[in-house]
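Asker: A predicted structure for the sequence below; I have some questions about it.
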Amino acid sequence: MEFGFLGLGIMGKAMAINLLRHGFKVTIWNRTLSKCDELVQHGASVGETPATVVKKCKYTIAMLSDPSAALSVVFDKDGVLEHINGKCYIDMSTVDADTSSKISETIKAKGGYFLEAPVSGSKKPAEDGQLIILAAGDKALYDEVLPAFDVLGKKSFFLGEVGNGAKMKLVVNMIMGSMMNAFSEGLTLAERSGLNPGTLLDVLDLGAISNGMFKLKGPTMLQNSYSPAFPLKHQQKDMRLALALGDENAVSMPVAAAANEAFKKARSMGLGDLDFSAVHETLKAPDHSS
Ligand SMILES: NC(=O)C1=CN([C@@H]2O[C@H](COP(=O)(O)OP(=O)(O)OC[C@H]3O[C@@H](n4cnc5c(N)ncnc54)[C@H](OP(=O)(O)O)[C@@H]3O)[C@@H](O)[C@H]2O)C=CC1
Ligand SMILES: O=CC(=O)O
């Protein structure tokens with residue numbers, strides 16, 4: 001089975017390498033072309049534009065940063081739409097339901113097939129093929145590409161009409177971003193009140209609120225180490241999109257709104273390209289330490 005793959009950031013690179021390792025043929029494209037070099041070593045071919053990748057491959061996956069990138073790769077000159085007639089496009093980026101629906105409707109109007117399939121799970125699950133895939137849209141296309149999803153993820157969900165995958169992903173990340181802020185405040189409170197925050201991690205891990213994120217991020221946060229697995233700018237994008245979903249549905253989300261403010265503050269401090277756990281640094285800023 002041959003796949004096109006557009007977007008070789010933290011996630012796209014790991015996912016495309018996984019497909020290659022499992023015997024899929026992969027033709028890649030990335031806006032910054034030099035990022036293709038490493039994958040060529042793994043056996044990938046390179047397409048000059050999104051359009052040429054779609055022309056060559058029956059199935060093309062995209063893993064792009066945000067709604068604006070997802071729209072640009074489809075609608076701009078040399079974009080996906082130019083050769084989409086009869087081809088299949090699977091967008092795994094985290095975007096909002098409106099963006100996904102706009103892409104879906106246009107692709108279908110031009111004779112193509114569309115599936116949205118955002119993922120839960122970060123850099124390591126992407127490297128290990130342990131993502132959780134939240135698909136929606138064309139069910140026949142979902143069934144066709146399951147062999148690839150089985151390589152990329154540990155579990156795939158088919159959630160119905162386009163938009164449901166995007167919404168599920170945003171709800172999950174809204175919870176995750178809120179939890180990260182509560183965790184960060186807890187670590188800081190423990191430290192400032194004279195407790196050993198390392199002991200707090202042990203206590204948390206034994207109780208009912210033990211979870212993989214606290215376990216993974218706690219030790220590195222205590223070392224002020226924020227090498228990006230999930231860039232903070234993307235977490236803030238997800239909070240923003242989840243809050244908009246809350247607006248549309250008149251759901252009051254004061255906790256998520258406060259978490260969004262903290263991520264915005266972190267971005268204003270120049271921390272957007274670090275891991276989202278760097279929101280911890282906002283609590284060390286002068287207005288919080290006096
Ligand atoms: N990292 C994570 O833990 C997870 C991320 N996600 C989601 O997956 C998506 C990708 O995340 P991640 O890999 O971490 O992000 P990165 O920032 O590492 O990569 C973003 C990718 O998007 C490309 N891109 C950005 N803007 C444009 C544009 N205008 N036109 C074309 N290409 C563009 C980048 O190209 P270039 O190299 O040229 O900059 C790069 O390939 C995001 O939607 C994110 O929210 C979902 C689950 C986990
Ligand atoms: O979107 C991020 C993740 O860890 O999932």
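Answerer: Nice, I can see it. Numbers count the residues shown, from 1 in each chain. Ligands and ions are numbered 1, 2, ... in the order given.
Asker: for the stretch 1-150 of the chain, what lies in contact range of ligand 2?
Answerer: Thr94, Ser120, Gly121, Ser122 (CB under 6 Å from any ligand atom). Quick note: C-beta positions are derived from backbone N, CA and C, even for glycine.
Asker: give the residue farthest from the middle of the protein.
Answerer: Gly194 (36.7 Å; CA atoms, centre = their mean).
Asker: that one: what secondary structure?
Answerer: coil (DSSP: H, G, I helix; E, B strand; the rest coil).
Asker: got a list of what it touches?
Answerer: By CB atoms under 8 Å, 6 or more residues apart in numbering, the contact set of Gly194 is empty.
Asker: can you tell me the element Ile90 falls in?
Answerer: strand 88-91 (DSSP states H and E).
Asker: dump the residue contacts of the closest residue to Pro118 other than its chain neighbours.
Answerer: What sits nearest to Pro118 in space, not counting adjacent residues and going by CB to CB, 6 or more residues apart in numbering, is Lys169, at 3.9 Å. By CB under 8 Å, 6+ apart, the residues touching Lys169 are Thr94, Pro118, Val119, Ser120, Leu134, Asp238.
Asker: pretty sure the third one sits against Gln130.
Answerer: Read that as Val119. No - checked against CB atoms under 8 Å, the pair Val119 and Gln130 is beyond contact range at 10.1 Å.
Asker: overlap in contacts of those two?
Answerer: Common neighbours of Val119 and Gln130 (CB under 8 Å, 6+ apart) are Gly153.
Asker: what number of residues lie near the spatially closest residue to His280 that is not a sequence neighbour?
Answerer: Nearest non-adjacent residue to His280, counting by CB to CB, 6+ apart: Ser184, 4.3 Å away. Using other CB atoms under 10 Å, Ser184 is surrounded by 22 other residues.
Asker: off-centre distance for the helix or strand Ser184 falls within?
Answerer: For Ser184, the host element (DSSP H and E) is helix 164-192. Distance of helix 164-192 from its chain centroid, counting by CA atoms, centre = their mean, to the nearest Å, is 15 Å.
Asker: same thing with stretch 113-123?
Answerer: In terms of CA atoms, centre = their mean, the centre of stretch 113-123 is found 8 Å from the chain centre.
Asker: that one close to ligand 1?
Answerer: Yes - if you take CB under 6 Å from any ligand atom as the test, stretch 113-123 does meet ligand 1, through Val119, Ser122, Lys123.
Asker: re the thing from before, looking at Val119 and Gln130, which is more packed in?
Answerer: Val119 (24 against 14).
Asker: what's the burial count for the residue nearest to the more buried one when sequence neighbours are not counted?
Answerer: Spatially, and ignoring its direct neighbours in sequence, Val119 is nearest to Leu131 (4.2 Å; CB to CB, 6+ apart). The number of residues packed around Leu131, counting by other CB under 10 Å, is 27.
Asker: pretty sure Leu131 contacts Lys123?
Answerer: No - counting by CB under 8 Å, Leu131 stays clear of Lys123, with 10.6 Å between them.
Asker: need phi/psi at Asp251.
Answerer: That one is not Asp; residue 251 is Val. Main-chain dihedrals, Val251, degrees, to the nearest 10: phi -100, psi 120.
Asker: sorry, slip of the keys, the one I care about is Asp273.
Answerer: phi -90, psi -10.
Asker: ok, it to ligand 1 distance?
Answerer: 8 Å (CB to the nearest ligand atom, to the nearest Å).
Asker: many thanks, we can stop here.
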